[in-house]
Every structure is written in C-alpha cells, then in structure tokens.
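In: Okay, predicted coordinates and the sequence, questions at the end:
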Amino acid sequence: MSANFFYTIEVIANGLMTGVMYSLVALGFVLIFKASGVFNYAQGVMALFAAMTLVGIQSGQVPFAHLINVIFGTHLDKFGWEVPTFIAIILALLVMIGFAFIVERYILKHLVNQDPIILFMATIGLAYFMEGFGDLMWGSEIKKLDVGLPQGGNVWLESATAGWADGFYGFYLDNLDMWATAIAIVLVASLIAFSNYTKTGRALRAVADDNQAALSVGISLRTIWVIVWSLAGFVALVAGIMWGAKSGVQFSLSLIALKALPVLMLGGFTSIPGAIVGGMIIGVGEKLFEFAIGPYIGGATENWFAYVLALLFLVFRPQGLFGEKIIERV
Amino acid sequence: MKLTKLATFAVTAVMAASPVLADLVFPALSYRTGPYAANGIPFADGYADYFTLVNERDGGIGGLPAQVLECETGYNTEKGVECYESTKGEGALVYQPLSTGITYQLIPKATADGIPIHSMGYGRTSAANGDVFGNVFNYPANYWNGASIAINHLLEINGGDLSGKSISLVYHNSAYGKEPIRTLEVLSEKHGYDLTLQPVDHPGQEQKSQWLQIRRERPDYVIMWGWGVMNTVAIQEAVNIRFPMENFIGIWWSGSENDVIPAGVGANGYKSLTFHGVGDGYPVYDDIQKYVVDTGKTAGAGDQIGTVIYNRGMYAAMLAVEAVKTAQAIHGVADITPAMMRDGMEALEMSEEKMASLGLPNFGPAFSVSCENHGGPGLGAVAQWDAEAGSWNMISEYGPSDMDVIQALIDDDSAAYAAENNIESQCN
C-alpha cells in the first residue's frame, strides 16, 4: 500500500481525536441546553475561567493581586507555595460549583419563565462579565498549564509503523489527544450513567422533558439548575485543561466555543452521545477535506467546512443526528 | 442647588481629564482586553512608561510634558477608528495604531486630518513610499523587509545557496498573514528554493492539518507569520512533531515570551526576527527603574519591563520623542503641531551615538528617514530563544534586506494606490 493510503488513515485518526476535543466543549452546551433550554453563550469563557483558576491555584497566585496592589500600594504576586495538581483540580472544581450557585442566585432565579432568548442574552452578558472578571482575578498574561499529561507525538507508534510504505514516516498521534479521548470516553460514560441511574440524574431528565411537570412532583428547579451548571463547569474545566495544555491558558481559549457550534448543529443540542459523534464527524470531515481538497483551493478550509457540513446535515435532520424532534401542536 | 453642584463637578472633572493645551499629546490605541491582550499590555506599558520617564527625568520634551491618551481598542478595527475620532481633537501629534487593520482604516482619515501615523513593523508595507503616503511612516522595518531578512538569514547559514531547499510559510489567513507571500515568491525565483504555503484560520487554536502536512513534506525551514494564540499553538505543534526549532523562524510578531513559554523546553532554539534589542540589559532600564518603577508611576503592573513587546512599545515611544525633538529644532518652537511632527518624523536621524546617549546603545538599527523613504533602510536581526535561561538572545547584527526586490514591490503597490486615490507626488 502507498504512503498516501497510510497518511489518509493518519489524517482520519487525528481527525477523530481532534473531534473529541471539540466534543469536550460541546458537552457543556448540551448539559445546560438539555436541562433548561438555554444556549449558554458563556460556555467557552467558562472553560477559560476554569483553566485560569486551575493554573492560578496550582502556581499559588494571589487572586486580584494587581487590583490589590493598585489600591493598597502592595507588591503581591504569589503566595510562595505550589499546590499539587490533583488538589488544584479539586479546588478549581469547587470554584466552578461556587460559580454555579452565583449564576443561579443572581441570574437564573430572576429569569424564571422568561423566553429562551432572554436567558440566552443573559449568558452573553455573563460571558463578557467573566472575561473581565477572569483577567482581573488572575491577570491576562499567557500561562503554561501542566497537569502532568504527556504531550507530543507518540514515539513508539511512530517508530513501530515507520517504513510501512516508501516515504511513510510512521503514524503520528499526539499523546495528549489520546489522553483527551480516553478522558472524554470516561466523562461521557459517567454523565450517561449519572443521567440514567441516579435519582438526581432522573430528576434532571424530568426537568429537561417538562419543567412544569417536574415542579409539580416536587423537583426543585433551582437545585437542578445549580447541579447542571456545576456539571457544565466541570466539563468546562476538563475542556480548559485539554485545550489549555495545547495552547497555554490565554483569552483565545474562550473562542473554542466556535468549534463546538457545528458539532452541536450536527449532533443535536440535547444528546450527550450526539456531542461525541458530532464532534468526531466534524473532526474527521474537516481534516479529510483539508487533506484532500484543501491544497487545490488555497487551504484553511477547516473553519468553514465544519459549518458547511453541519448545514448539510441540518437540511435533512434539523434536530441534528441525535436531537429530539420538536413537535409543536397548534 | 444640587444640580448646579453636580454640573460644576462635571465640568471640573471634564477639564481635569482633558490635556492641558501645552501638553504634547500622544494617543495610544492600546488593547489591554480581548484575545490579544497578552501582547497589547506590554506594548502599551512600554509606550507609556517611556513618556513618563521623559517627563520625570528630563522635564518633558523641550520643556513641555508629554501626555499619553490611552484608548482601548481590544484589537478591534471599528473600535480603533472610534478611538481615533475621539482623540484626534485633543492635539494628537502622532498615532501608533498597533494593528494592521486599524492602520488601513486610518491612512485616509489621518491623511485628511494632517496627523501622522507611525505603523512600526506593521500596517501597509508600501507606505514606506513617502512620495505617495506623505503622512504615514513605517520605519525602521516593514513586513517585506522581514521576509527578506529571514531569507537572508537562511542564505547565511547555507553558505549563500538556497537552491533545492524547501521553505514552508505558516501564516495567519488574513491580510496581515498574506503580506510576505509576494516577497517570498519573488525571492524564491531569485534563490531557487521551493515555497509552500500553509494558511491557518483565525484564531489558530487548531493547526493539526497544517503540521501533519509539514511532517509529511519535511520542509527544510518553516517561516511563521502569526499572531496571538496561533504562535503558541504553532510552536507547540512544531515541538510535537519534533521539527528542528533552529529551522523555525517567526516574524517579529511571532517572537515574544508569550509565544514560546507555553511550549516549555521544547521551544529552545526557536528563532524570531526583530528590529530592536531584547532583554533589559540597557542603561535606560536603570532610569526606568529609578524614575518610573520606584516612584510607582508605571502604566501597568511593572512586571513586563524588558520583555520583547515592552521593548517594542518603549522603542516606538523613543522614536516619537526623537521625532518631536527634531520637529522642535526645525521649527524653533516647543509646542509643535501635527504637521510639524510630520516634518520631524521625515527628518528623523537615528545614529548609533544618539541611541547610546539615550541609554539604548545598539538597541535598534541606525537609520534616517527622508521624504521619499518613510520606511528606513529595512534592517533587521535574528534573535533566538534560550528556554533554560528564559530569554531571547540576539544571534545576528542588524542586517540589510533585499531592497532591489522590495523597492520594486513597494513602488508597484504604492503607484497603484496613488492611481486609485488620485494622489500627486508629495516630494516634488
């Protein structure tokens, strides 16, 4: 077989893994949309904020140091200690849970029974607030994120497959992408198990099906919202870690939400497996298109191709591959 | 009564916020927020801190204090134009738009208003032709100089012969990123190397396809024209595929600490072009410490001093100050107008002696500006990242770019602009 054949396999494998990285971001959107019908515009910023918080805690950074220094004339920067990664992740998760409480208490509670567009606009405001708040709290410099995950091409795989064809240098798979895939599988399995086999999970699904009916049987909408936003915060933290490890923790992390949109359009806004499958289709589709067609039309096709692919699916399945069909009786 | 007090307070506040008429005003179109804030902050800090230094140490420029009017653009072109409109009436002497997009929008506006623009190492490259762009300056180097300096560096390490070599250009898929393509294509015809193009869409968070292709094609060298997260990801991906970092060269906007630190030790050996010095080993930093930092007058947190982008902001301010001094000498007045500032910029001479006297020996190339040449001689150097020391080191002197090729490109592009806009010769 020719080197081109193996390189095509390589592109597909890398596309699948990149797609899983997109799915990690899309999952947060799905969780919140499923439970409350809200498209959370702030999901990308949540990933950024979670990653900033993790690095800040890990490196012993004093929160709001710049603000404190300006007001009190101090020279605070670091506490002088470093927090082990696992504990830092737990603390960052607690911050995201605290954030969920604040969002429910100060935003969602006041918008009960409002149109989805109002809630969507509230999340836009939340995104802008968090961007500024994150900068104020942790500073806007680019931070290196190291949680101990290996990064770089897998040397063993590369050397074991090198020479399978003339001009083939061996398969390239990024160790970090492989870890991200494994983590995403565990995450999705956990979320599905939580949703199907726990009382809280069933309550969550009940709210998603019909919040009025759920309320009438004693399910607290406010508690469910806190749980859902906490879960979305957890997913944002995982996405922030994976993407932050690739690019450093910087403002642009918030823009990864743009890569999640075609995934959601394709997989459906209400399906957890849909987010994963949608991500993988987008990942493979855009990488293969760039590999096969890109060179003939100037390259840089991935961003728009993802949306074109999603739009094509929308023509045939407006609810996405796994989304629930919305039937409104008149 | 309350209303009267409120009105009095408001008027007082507005008066206090406005610059004193005799101040020399330098608007700073900065971006301390948004996706590119990590680079916008050190530039804004360096720009403002140098003016503070001049005020505190020298009592201003020619006896008049300098005032920096900072306006937040978020690196957004529309906001940049708004900032221009809101500050131009404050006695603005020169604009440093700090964005190629904003520069393009401001060129016709500032030209009509008679306010000079200094787009240092960015913006419209053909603005180097002062005969067409009378109000725009882009000294000491522009993008096309950068492309040529990169090729010259590769020529130098290949014994002057690049025939048969392959070079891949990884670039931001925007007007900025496409700037070097024409120059590199012309130079490839001249030197015989193969050029392949790898566009990366904004913001550049995902570059797997591009780097898989580089891994497959194995070019001898990669040149990068990136910005923001694109730089960080590209360097990380290059590390991942074990591309030799000493064969990877970025333009000056792809060569800050922010770009290499996230990749850790793997980024060791990465090279970047530069048109100014790196690090804080210059006497001027002692003055900045004494007059700006120790007095608590830094524009930012004071933690960016000596970084690449801080140095660039400081260098831009230093060139503005020297142009003011030149304008004051030409016109014999301290309180200069934007038109006089333009004259000062056009007559600017930066000699090695002058830079040494400013505490910046060999910080930038020696150059002079003329009516025809607003871009300077196009000199540049190469710096290399030492990951262990966490610092950039200059590995070359300021060398020339291939002006035979570049001047022809500048003349073509500026002639087309002049024809489109009915611009007559500015120098005759």
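Out: Good, I have the coordinates.
In: what about B:Asp49, is that helix, strand or coil?
Out: Here B:Asp49 is helix, with the state taken from DSSP: H, G, I helix; E, B strand; the rest coil.
In: show me what contacts the residue of the stretch 151-300 of chain A found nearest chain B?
Out: Taking C-beta to the nearest C-beta as the measure, the point where the stretch 151-300 of chain A comes nearest chain B is A:Gly248, at 3.0 Å. Glycine gets a C-beta too; all of them are placed from N, C-alpha and C. Shown in contact with A:Gly248 (C-beta atoms under 8 Å, 6 or more residues apart in numbering or on different chains): A:Ile142, A:Lys143, A:Lys144, A:Leu145, B:Val229, B:Thr232, B:Asn258, B:Ile261, B:Pro262.
In: same question, A:Phe133
Out: Here A:Phe133 is in contact with A:Phe49 (criterion: C-beta under 8 Å, 6+ apart).
In: Show me which residues of the helix or strand that contains it are buried.
Out: Counting by DSSP states H and E, the secondary-structure element that holds A:Phe133 is helix A:116-138. Burial within helix A:116-138, assessed by neighbour count using 16 or more other C-beta atoms under 10 Å in any protein chain shown, is assigned to A:Leu119, A:Ala122, A:Thr123, A:Leu126, A:Ala127, A:Met130, A:Glu131, A:Gly134, A:Asp135, A:Met137, A:Trp138.
In: Ramachandran angles for the nearest residue to the third one once chain neighbours are set aside?
Out: To tie it back to what came earlier, the one meant is A:Thr123. Nearest residue to A:Thr123 in three dimensions, chain neighbours excluded: A:Tyr41, at 4.3 Å (C-beta to C-beta, 6 or more residues apart in numbering or on different chains). Summarising the backbone geometry of A:Tyr41 under the convention degrees, to the nearest 10, its torsions are phi -60, psi -20.
In: Surely A:Tyr41 and A:Ile124 touch.
Out: Yes - the pair formed by A:Tyr41 and A:Ile124 meets the contact definition of C-beta atoms under 8 Å, at 4.8 Å.
In: Residue 233: how many residues sit nearby?
Out: This is for chain A. Using other C-beta atoms under 10 Å in any protein chain shown, A:Gly233 has 26 neighbouring residues.
In: try chain B instead
Out: 28.
In: and it, which of the three is it?
Out: When classified by three-state DSSP, B:Val233 comes out as helix.
In: Turn the buried residues of helix A:116-138 into JSON lines, including pLDDT.
Out: As requested, those are arranged in JSON lines below (pLDDT from 0 to 100):
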{"residue": "A:Leu119", "pLDDT": "91"}
{"residue": "A:Ala122", "pLDDT": "95"}
{"residue": "A:Thr123", "pLDDT": "95"}
{"residue": "A:Leu126", "pLDDT": "96"}
{"residue": "A:Ala127", "pLDDT": "95"}
{"residue": "A:Met130", "pLDDT": "94"}
{"residue": "A:Glu131", "pLDDT": "90"}
{"residue": "A:Gly134", "pLDDT": "93"}
{"residue": "A:Asp135", "pLDDT": "89"}
{"residue": "A:Met137", "pLDDT": "94"}
{"residue": "A:Trp138", "pLDDT": "93"}
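In: Which of the contacts of A:Gly248 are buried, as a PyMOL select command?
Out: Under the burial definition 16+ other C-beta under 10 Å, those of the contacts of A:Gly248 that qualify are selected in PyMOL by:
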select buried, (chain A and resi 142+143+145) or (chain B and resi 229+232+258+261+262)
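In: Filter the contacts of A:Gly248 down to just the ones in helices.
Out: Secondary structure assignment by DSSP state H places B:Val229, B:Thr232, B:Asn258 of these in helices.
In: and chain A, which of the residues you listed reach it?
Out: With the criterion set as C-beta under 8 Å from any C-beta of the partner chain, the members of the ones in helices among the contacts of A:Gly248 near chain A are B:Val229, B:Thr232, B:Asn258.
In: Now pLDDT too, for those, in CSV please.
Out: Formatted as CSV, these follow (pLDDT from 0 to 100):
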residue, pLDDT
B:Val229, 92
B:Thr232, 94
B:Asn258, 93
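In: Show me which of those residues is closest to B:Lys165.
Out: The shortest separation between B:Lys165 and any of those is 26.9 Å, and it belongs to B:Thr232 (by C-beta to C-beta).
In: Would you agree that closest one is in contact with A:Phe251?
Out: No - using C-beta under 8 Å, B:Thr232 and A:Phe251 do not qualify as a contacting pair, with a distance of 11.5 Å.
In: What residues of whichever helix or strand comes after the helix holding A:Phe133 count as buried?
Out: Sequence-wise, the next helix or strand downstream of helix A:116-138 (DSSP H and E) is helix A:155-161. Residues of helix A:155-161 classed as buried: A:Leu157, A:Glu158, A:Thr161 (neighbour count, 16+ other C-beta under 10 Å).
In: Count the neighbours of the residue nearest to the second one when sequence neighbours are not counted for me.
Out: Distance criterion C-beta to C-beta, 6+ apart; nearest residue to A:Glu158, sequence neighbours excluded, is A:Gly170 at 3.8 Å. Residues lying near A:Gly170 (other C-beta under 10 Å) number 20.
In: so where's the stretch 201-330 of chain A uncertain?
Out: A:325-330 (pLDDT under 70).
In: B:Tyr104 reaches B:Thr125, doesn't it?
Out: No - counting by C-beta under 8 Å, B:Tyr104 does not reach B:Thr125; the two are 11.2 Å apart.
In: Which one's more surrounded, those two?
Out: The neighbour count for B:Tyr104 versus B:Thr125, taken as other C-beta under 10 Å, is higher for B:Thr125 (27 against 16).
In: Need the nearest residue in space to the residue of chain B found nearest chain A, chain neighbours excluded.
Out: When C-beta to the nearest C-beta is the measure, chain B has its nearest residue to chain A at B:Pro262, with 3.0 Å between them. Using C-beta to C-beta, 6+ apart and skipping the chain neighbours, the partner closest in space to B:Pro262 is A:Gly248 (3.0 Å).
In: do A:Leu173 as well
Out: Going by C-beta to C-beta, 6+ apart, A:Leu173 has A:Asn154 as its nearest residue, at 5.1 Å.
In: Next up, the contacts around that neighbour.
Out: A:Asn154 sits next to A:Tyr172, A:Leu173, A:Asp174, A:Asn175, A:Met178 when contact means C-beta under 8 Å, 6+ apart.
In: In strands only, show me those residues.
Out: Among the contacts of A:Asn154, the subset assigned to strands under DSSP state E is empty.
In: Quick check: buried residues in stretch A:46-63?
Out: Along stretch A:46-63, these residues count as buried under the neighbour rule (16+ other C-beta under 10 Å): A:46-59, A:61-62.
In: Tell me how far the closest residue to B:Gly376 other than its chain neighbours lies from B:Leu348.
Out: Setting aside the residues directly before and after it, B:Gly376 is nearest to B:Tyr139 in space (C-beta to C-beta, 6+ apart), at 3.5 Å. According to C-beta to C-beta, to the nearest Å, B:Tyr139 and B:Leu348 sit 7 Å apart.
In: shared neighbours of these two, which are they?
Out: With contacts defined as C-beta under 8 Å, 6+ apart, the residues adjacent to both B:Tyr139 and B:Leu348 are B:Leu319, B:Val369.
In: quick check: longest helix of chain B.
Out: Ranked by residue count, the top helix of chain B under DSSP H comes out as helix B:308-331.
In: After that one, which helix or strand is next?
Out: Tracing the chain past helix B:308-331, the next element assigned as helix or strand by DSSP H and E is helix B:338-346.
In: Show residues contacting that next one.
Out: Helix B:338-346 is contacted by residues B:92-94, B:113-116, B:118, B:130, B:134-135, B:137, B:323-328, B:330-331, B:333, B:336, B:369-371, B:374 when judged by C-beta under 8 Å, 6+ apart.
In: the strands in the stretch 51-200 of chain B, which residues?
Out: If DSSP state E, counting those that start in this stretch is used as the criterion, the strands of the stretch 51-200 of chain B fall at B:66-72, B:117-118, B:136-137, B:166-172, B:194-200.
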